[in-house]
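Q: can you look at this prediction? I've put the sequence above it.
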Amino acid sequence: MTEVSSQASECVIALAQLLTGKIQGIDQKWLHAFLRIDAEEGAMGARCSYVNANGVHLVGPIENQDLYHRAIEIGEQLRAATHRHERAFKVCLLIVDASFNYELKFEYEDASKWMITKLDGATGIPVGITAADLAALDKPSPPTTPRRPWYRFW
């Protein structure tokens, strides 16, 4: 593993820890959580939502400034660590379930991908993420070699 990929791995784990810790503090019965970080022309932003048995909830930026400030800080580090061929991601989306399975997606072209909103009839789940995507996360493929879950690394 190179230093760059090691740094990227550390960023991903830090984002997953940050998100799960915050959502666990908000609602211990959460099922899925989403953190979207966008970056374009020197400006970065973040949006977050989670799902529980009662529906989808947006995580407010005012009362959760610590989450958003830290997510953007880690997002900048991740963007630098994953910068490839003169291109850096425009959007990354972290999806985590209550069993601490996670997936990180990157988008290099479409800055509007995976928007998290409830405006115009949207649900609060990132646009384009389906129930099948979430089911696949809940039942990850078995590893070919034994591995420890990411949350046991610290």
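A: The structure has been received and is ready for your questions.
Q: which stretches of the protein form helices?
A: 3-26, 65-82, 131-138 (DSSP state H).
Q: which among those helices is found nearest to residue 111?
A: Closest approach to residue 111 among the helices of the chain is made by helix 65-82 (13.1 Å; C-beta to C-beta). Using the backbone N, CA and C atoms, a C-beta is placed for each residue, glycine as well.
Q: average pLDDT across that closest one?
A: Averaged across helix 65-82, the pLDDT comes to 92.
Q: put the alpha carbons of the worst-scoring helix or strand of the chain on mean pLDDT into CSV.
A: Scoring the helices and strands of the chain by mean pLDDT, DSSP states H and E places helix 131-138 at the bottom, with a mean of 80. Extracted in CSV, the C-alpha atoms of helix 131-138 (Å, rounded to 0.1, in the frame of the first residue of the first chain):
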residue,chain,number,x,y,z
ALA,A,131,-33.4,0.2,-1.8
ALA,A,132,-31.3,-2.3,-3.7
ASP,A,133,-28.1,-0.3,-3.0
LEU,A,134,-29.0,-0.3,0.7
ALA,A,135,-29.8,-4.0,0.7
ALA,A,136,-26.4,-4.7,-0.9
LEU,A,137,-24.7,-2.8,1.8
ASP,A,138,-26.6,-4.7,4.5
